[in-house]
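Asker: Starting from these lines, generate the structure:
(chains A and B)
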Amino acid sequence: MKETKLGEFEEVLLLLVGILGEEAYSFKVAEEFESQTKREVSIGAVHSTLNRLEEKGFLESEMGQATAERGGRRKRIYTITASGQRALETSRDFRVSLWSQFPAFATGKLNFD
Amino acid sequence: MKKRPHIPPPLAERLLQRVLRSDLAEEVLGDLEEKFYATVEQKSVWRAKLNYWYQVANYLRPFAIRKSRLKNSNYTAMLQHNLTLTFRNFQKHKSQFLINLAGLSTGLTCVLFIYLWVTDEVSTDHFHKKGDRLYQIMSNHTDASGVSTWKGVPGLLLEEIQATIPEAESTTAFTDPHEYTLSVGDVYFKANGRFASQDFFDVFSYQLAEGNGKTALADKSGILISRSLAQRVFKTTDAIGRQIVWHSWGNTKTVQVAGILEDIPSSSSEKFDFIMSWNYFHDDLVSYKQWNNYYGRIALVLASGTEQDEVAAKIDAILKEKLEGDRVSLFLAKYDDKYLYSEYENGVQAGGRIEYVHLFSMVALFVLLIACINFINLSTAKASHRLKEIGVKKSLGASRQSLMGQYFTESFFLIFLSMMVAFSLVWLFLPQFNSISQKDLMLKPDGQLIVAAIGLVVMVGLLAGSYPALYLSGLKSVEVLKGKLSRKAGEVWSRKALVVVQFSLSIILIVAVVVVYQQMEFVKDKNLGFNRENIIYFEREGKFIENSEAFVNELKTLPGVTGAAVSGFMLGGANSTGGVDWPGKTPEDQLQFWETNVGFGTIEMLGIEMVEGHAFSEKFGADSTGVIFNETAIAAMGIKNPISQTITHYTGDKKIIGVVKDFNMLSLHKTVEPMMFLLEPAKTHFVMARLKSGNEEETIKGIQTLYESFNPGYQFIPLFLDQDYQALYASEERVAILSRYFAGIAILISCLGLFGLSSFMTEKRIKEIGVRKVLGSSVIRVVYLLTADFTKMVLAATVIALPVSYIMARKWLENFAYGIDLTWWHFVFAGLAALLVAWLTVGLQTFRAARINPAKCLRSE
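Answerer: Presented below is the predicted three-dimensional model:
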C-alpha cells in the first residue's frame, strides 16, 4: 500500500497545483514554488513529487496544449482529485486541532510584537 | 515558430533524451525549454545554459530514468539467485570455503609478487627512447681456452665510426660507472661517476635538468652532476659554475659544474651521480691508445631501417683492418637486452638473469596450479553435499547451462575474493619482499597491473571452475534424487591424479631448494686457495700514492693487525692481457692472462701457497723483472721446469721466479684461468691488511686513526674481501632465499588441499570406521586404512618428481664450474619430507576419527 500521509513539500505542491488550476504543470509549479517560498527547487524534484502524489492518488494528470515557448511540446497538467482534497483537509484540520489545543495560541495570549 | 537566437545546450538535451523514460520525454523537455527561455530573459544566456545542465542533472532520479533492459530480465534474476546461493554455500561449508580462500589467496599472492618482480626485471633499461635502435658494441676474444666476450672496445673506434659509418645515427663512447673520490674545498667524498663523449644524451635518454649535455661533455673541465649529488654537496641544486676537484690514482682535475642531471631512474641497470668529459679521459688519462687496448665502451643508435648485422660487419671490418689477425671480433648487442641476457659462452649468448625470470615464472605457474587443484578436488569431492540441490533443480527444469552458470559464479566469486585478499597481502608484505629481493617495487594501480589481475582472475576462474562446473552439472537428476549415485572409478582416479600432480610439483620445489641451499653453502665455505677471512682493504689515494710504504710499515705494527701490504688483487679479476710471449709459443697459441700487481709480502698475506720458487721478497732484492705464474698458466704455456726461464711481457722480459698453487680469483662459475703476479708496488690500487680475529672493530678504529694522520681529508672506507666474495653470489643468494619462501608456500597450499580432502574422506567413512571398530579393529589398523591411500599418492608423486627434479638440478649446477655432487639423499630427503608433511596433515584427523566411540557414529541408524 502506498503511503498516504502528506509531507511538508508534498502538501505545498498539492496546494500550488490547486492554486494554479489550468496552468499546473511541473515548470509552472516550480516557478510558483520559488516565488512563493523564496526557496530554490529544481523542476526534476517537483516533477518527481508530483509523480509520487499521482501514484498516491491525490493528483490526476493529462496532457494539455502545446505552446511555442516549449518548442511545440505538450505539457502535463495536474489536477487535484477528491482524495487529494480530503488529504489536504485532513492535514489542515489536524493542525487546527493542534493549534486549538495549545492554550497560549488558543486564547491569543501569545504576543509576538 | 519564432526564430530564436539561443537554444538549450544540445549535449545536455541529448543526454536527457538518452536516459529519460520515453513517455516523459515530451513534457520534461518542454518544461526545461520553457525554464531555459525564462532564465535567458531574466538573467543571461550563460546562466540559462548552466541552469539547464543543473535541471538535467536533477532529472536523474529513479522515477524518471529509463529502466535498463537487463533489469528484471532472467539474466539478472539468475545472477542474483546464483550469488545468494554462493553466499549460503560459503556459510554452510565454512571450512571448505576457508581452505579454498586461504589456498587461492596465498597462491595469488605469490603470483602477484612474482609478477611485480618479473615486470621490474623485464623493464630494466627499457626507458631509453631510441631503445629499439640502441646497441652496444661488444668484443669477442679468441684464445687457447676459447672465446670470451667483453664490453670493452678500443676507444679509437669512436671517431672511425663517426667518420665512416653513416648508418650510425649517433654514437657515444663512455666508461663503466666507477666510484671516484671528489672534493669541494676541504670536503672529500666518494661518488659513482663515468666519462662520456658529447653525444651521450642523443644515444641514451637520461634526463638533464639544467645545462646543455653536448657542450658540457665537450669541455674537458666540465662535469654534470645529479640533482641528489648537488643537493648533498652544495645543499642546493642551483650549482652550475661551482668547482669540484676530481681525484683518481694520482690524477686530480678541477672541473666546473656545467649541468644538472635528473637522478638516474631506478629502472636503469647502471647508476651514476656524475659524468665527465670523454675527451679528458681519452686525451689525458689513457696512456696506451692502441687498437689492441679495450678501454672504452661504445653505444650507438642505428638509423631507422638499417640492418644490425650489416653495420656490425662494417664496424668489425674497421677493427680487422687496424689490427692484424682475427683474434678479436666485434658485434652489436641490443642495449636493453643487456641486463637480462648478459652471459656469453664461447662468444654465444647464453642467458643471464633471464633464467631467473623464467625460473620464477615457472614457480608462479606451479603455485597457481597447486592452488587450482585444491579448489577442483574439494569442490568435486564435496559434490555429495549438493546432490539434492542439483537433483531438485534439474527435475524442475534447470538447464545444464544455468547450473554451470551457478558453479562458475561460485568459483569466480571466490577467486575474486581471493584476489582482494592477495592484493592486501602483497601490500602488507611488500617491504619485506623488497628487502629480500633488493628492489624498490611498488604496488601502483596502473593499467597493466589491473589488466593482469583481471586476466588472472579469469584464467584461474576457468581453470579451477570449469571441472567442477562440468562435473556437477552433468549428474543425472533421477539417480541423484534416488541417492543411487555410484561414484565412477574414473572420477576418484582423476582426483588422485591431481593430488599426485600437486605433490610432484611440491617435491620438485623441495629438491630445488635443497640443492640451491647446499650449493650456496658449498660456495660460501669453499677453500679458494687463498685465505679471504679477516682481510680488509682500502683504496690507495691522496698521499698514499707516493708514500704508502711508511704507512704499511706502521700498519704492520698496530696491535690486531697480523699483516699488511699494498696489493692490486681484486676478486673477479681486474686486468687481463694477451701480451705475453714464452719460449715455444706458436702463432696459434693465444692465451689471456689475468694480471695482478703486488708488493712485497702480498702473496704471503693472502695465504696463497707457493708450489715452486719463492714469492717476491726484499731478501732477493727488487725483482721487478720477476714474474710469478699459477699452475694453470704454466700448464697452458707448456713450460717444463719453469723457474728461471724467461718470458716476454708487453713491458719487457721477465724471469719466472715462482709458481703458486691454483686458487679461485674469479667466481666459482668459472674454472681457474691463467694468471700472473708482477712486482709493481707503485701500480697497486689498494692497501690490504689481515686482522686478528676477535676484536676487529677496535683494530679498524686504530687503522682509521692511523689513516687519518697519514692522509688527512680523505675518507677511510675499509672493504672486506669476504663480503666482496659473497657479493659475487648475491643474485644466487637472493634467488635461493626467494625460492625457499615460494617452495614453503607451495607445500603449505598442497597440505591445505590434502587436509580438506582427508577430512572429507574421514567424515564420509565414519560409519565404516564405527563398524570396523565394533568388529574389533584396532586404532592402528584404522589409521593405516585411512592413511594408506594418501601415502600411495605421495609415493607416486615422489617417483614422478625425482627424475624431473634431477634433470633440473643438474642443469642449474652446470652453471657452476665447481658444483656439489648430486647425491641420492637430496632426493630421498625431498620425498621423505613430502611424506612426513602429508602424514602430519592427514594423521591428526585420522587418528581422531579412529579413536571415535563407535556408539556415537552408529547410533543414528
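
Asker: List the contacts of B:Ile315.
Answerer: When contacts are counted by CB atoms under 8 Å, 6 or more residues apart in numbering or on different chains, B:Ile315 touches B:Ile137, B:Leu157, B:Ile161, B:Ile165, B:Leu330, B:Leu332. In short, each C-beta sits where N, CA and C put it, glycine included.

Asker: Tell me the most packed of those, by neighbour count.
Answerer: Using other CB atoms under 10 Å in any protein chain shown as the neighbour criterion, B:Ile137 leads the contacts of B:Ile315 with 27 neighbours.

Asker: did I read that right, that one in a strand?
Answerer: Yes: with DSSP: H, G, I helix; E, B strand; the rest coil as the criterion, B:Ile137 is located in a strand.

Asker: So what sits opposite it in the bridge?
Answerer: Beta-bridge partners recorded for B:Ile137 (DSSP bridges): B:Leu332.

Asker: list the buried ones in stretch A:83-99?
Answerer: A:Gly84, A:Ala87, A:Leu88, A:Ser91 (16 or more other CB atoms under 10 Å in any protein chain shown).

Asker: ugh, wrong one, I meant stretch B:301-310
Answerer: Neighbour-count burial for stretch B:301-310 flags B:Val301, B:Leu302 (criterion: 16+ other CB under 10 Å).

Asker: Export the buried residues of stretch A:83-99 to a markdown table and append columns for pLDDT.
Answerer: A markdown table is the format used below for those (pLDDT from 0 to 100):
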| residue | pLDDT |
| --- | --- |
| A:Gly84 | 90 |
| A:Ala87 | 90 |
| A:Leu88 | 91 |
| A:Ser91 | 89 |
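
Asker: From those, pick the one nearest chain B.
Answerer: A:Gly84 (18.5 Å; CB to the nearest CB).

Asker: what does the stretch 51-200 of chain B put close to chain A?
Answerer: Taking CB under 8 Å from any CB of the partner chain as the criterion, the stretch 51-200 of chain B approaches chain A at residues B:Tyr54, B:Gln55, B:Asn58, B:Tyr59, B:Leu60, B:Arg61, B:Phe63, B:Ala64.

Asker: One more pass at 6 Å, please.
Answerer: When proximity is defined by CB under 6 Å from any CB of the partner chain, the stretch 51-200 of chain B lies next to chain A at B:Gln55, B:Asn58, B:Tyr59, B:Arg61, B:Phe63.

Asker: Just the buried ones out of these, please.
Answerer: If you count burial by 16+ other CB under 10 Å, the buried members of these come out as B:Gln55, B:Asn58, B:Tyr59.

Asker: Rebuild the residues you listed as a markdown table, extending it with distance to A:Lys56, pLDDT and secondary structure.
Answerer: As requested, those are exported to a markdown table (distance: CB to CB, whole Å; pLDDT from 0 to 100; DSSP: H, G, I helix; E, B strand; the rest coil):
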| residue | distance to A:Lys56 | pLDDT | secondary structure |
| --- | --- | --- | --- |
| B:Gln55 | 25 | 88 | helix |
| B:Asn58 | 22 | 85 | helix |
| B:Tyr59 | 21 | 85 | coil |
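
Asker: still on that earlier bit, sort out for me which of the buried residues of stretch A:83-99 are in helices.
Answerer: Among the buried residues of stretch A:83-99, the members falling in helices (DSSP state H) are A:Gly84, A:Ala87, A:Leu88, A:Ser91.

Asker: Return only those of the residues you listed found close to chain B.
Answerer: Counting by CB under 6 Å from any CB, the subset of these that neighbours chain B is empty.

Asker: These: which two are farthest apart?
Answerer: Using CB to CB, these span at most 10.7 Å, a distance reached by A:Gly84 and A:Ser91.

Asker: Give the next helix or strand downstream of the helix or strand bottoming out on mean pLDDT in chain B.
Answerer: Least confident helix or strand of chain B, by mean pLDDT, DSSP states H and E, is strand B:575-577 with a mean of 70. Downstream of strand B:575-577, the next assigned helix or strand under DSSP states H and E is strand B:580-581.
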